[in-house]
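Asks: here is a sequence with its predicted model. Questions after.
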Amino acid sequence: MSSPAQDTTLNLAVLGTAEAALPEIGLSSENEVVLMFDQLRNPLLRYTMSLGIGISDGEDLIQEVFLSLFRHLQLGRPRSNLRGWVFRVAHNLALKQRNSRQKRNAVALSEALLGERQIDPSLSPEEQLADTQRQKLLVAVMLALPEVDQNCLRLRAEGLRYREIAEVLGISLGAVSNSLTRAFERLNRAGGR
């Protein structure tokens with residue numbers, strides 16, 4: 001049976017609120033890491049996949065990220081913006097892994113960008129084909145963006161705020177804004193909107 005403090009934490013809807021409240025309600029570092037793992041595992045996996053890391057390697061990388069988080073908390077290091085910290089560690093580990101292999105897995109990247117798409121049965125075959133072609137065009141445009149623009153777009157898609165994206169990528173807030181503006185403009189032009 002869980003304690004009232006744990007129930008309160010598990011019911012917090014916004015990670016930022018939960019993150020701020022965790023030390024105050026007395027959760028152990030282990031429980032804190034488990035809670036954050038439950039909340040961030042899928043977004044981190046999608047993000048690492050979008051960087052060209054395969055699913056199984058991404059799972060291993062995420063385990064390493066949360067082991068690092070546990071050590072970070074055990075050592076009493078700063079708790080501010082743990083979500084941004086976790087994404088930054090995942091970003092750095094993913095780039096290190098990708099660079100060591102010197103290859104990108106374009107299939108995993110396409111799947112991560114498009115997600116599991118359900119074909120709308122109400123669309124005619126012609127409309128389904130046009131939709132598929134539009135999606136392929138958007139993926140091609142995304143892959144043609146500079147790497148910084150791609151990373152900013154991926155992190156924004158995972159719900160990170162501009163300030164968090166700047167911290168994760170080690171760039172200025174203005175650079176994030178410019179990068180996302182460029183990326184959205186290109187995607188809008190390609191999508192015909």
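Replies: Noted; the coordinates are in hand.
Asks: just the element for the residue nearest to residue 123 when sequence neighbours are not counted, please.
Replies: Once flanking residues are discounted, residue 123 sits nearest to residue 131: 6.6 Å by C-beta to C-beta, 6 or more residues apart in numbering. No exception for glycine: its C-beta is placed from N, CA and C like everyone else's. In the assignment (DSSP states H and E), residue 131 maps to helix 125-144.
Asks: mean confidence score for that helix?
Replies: Here helix 125-144 scores 81 as its mean pLDDT.
Asks: what residues of that helix count as buried?
Replies: Buried positions in helix 125-144, judged by neighbour count with 16 or more other C-beta atoms under 10 Å: 138-139, 141-142.
Asks: and that helix, what other elements does it pack with?
Replies: helix 106-114, helix 147-157, helix 173-191 (3 or more C-beta pairs under 8 Å, 6 or more residues apart in numbering; DSSP states H and E).
Asks: need the max-distance pair from the buried residues of helix 125-144.
Replies: Across those, the longest distance by C-beta to C-beta is 7.4 Å; it joins 139 and 141.
Asks: circling back: okay, the helix holding residue 131 in PDB with CA atoms only?
Replies: Only the C-alpha atoms of helix 125-144 are listed here, as PDB (Å, rounded to 0.1, in the frame of the first residue of the first chain):
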ATOM      1  CA  PRO A 125      -7.700   5.100 -52.100                       C
ATOM      2  CA  GLU A 126      -6.600   8.300 -53.900                       C
ATOM      3  CA  GLU A 127      -6.900  10.300 -50.800                       C
ATOM      4  CA  GLN A 128      -4.900   7.700 -48.800                       C
ATOM      5  CA  LEU A 129      -2.200   7.800 -51.500                       C
ATOM      6  CA  ALA A 130      -2.100  11.600 -51.400                       C
ATOM      7  CA  ASP A 131      -1.900  11.500 -47.600                       C
ATOM      8  CA  THR A 132       1.000   9.000 -47.700                       C
ATOM      9  CA  GLN A 133       2.800  11.100 -50.300                       C
ATOM     10  CA  ARG A 134       2.400  14.200 -48.200                       C
ATOM     11  CA  GLN A 135       3.700  12.400 -45.100                       C
ATOM     12  CA  LYS A 136       6.800  11.200 -47.100                       C
ATOM     13  CA  LEU A 137       7.400  14.800 -48.400                       C
ATOM     14  CA  LEU A 138       7.200  16.100 -44.800                       C
ATOM     15  CA  VAL A 139       9.700  13.500 -43.700                       C
ATOM     16  CA  ALA A 140      12.000  14.400 -46.600                       C
ATOM     17  CA  VAL A 141      11.800  18.100 -45.700                       C
ATOM     18  CA  MET A 142      12.500  17.200 -42.100                       C
ATOM     19  CA  LEU A 143      15.600  15.200 -43.000                       C
ATOM     20  CA  ALA A 144      16.800  18.100 -45.200                       C
END
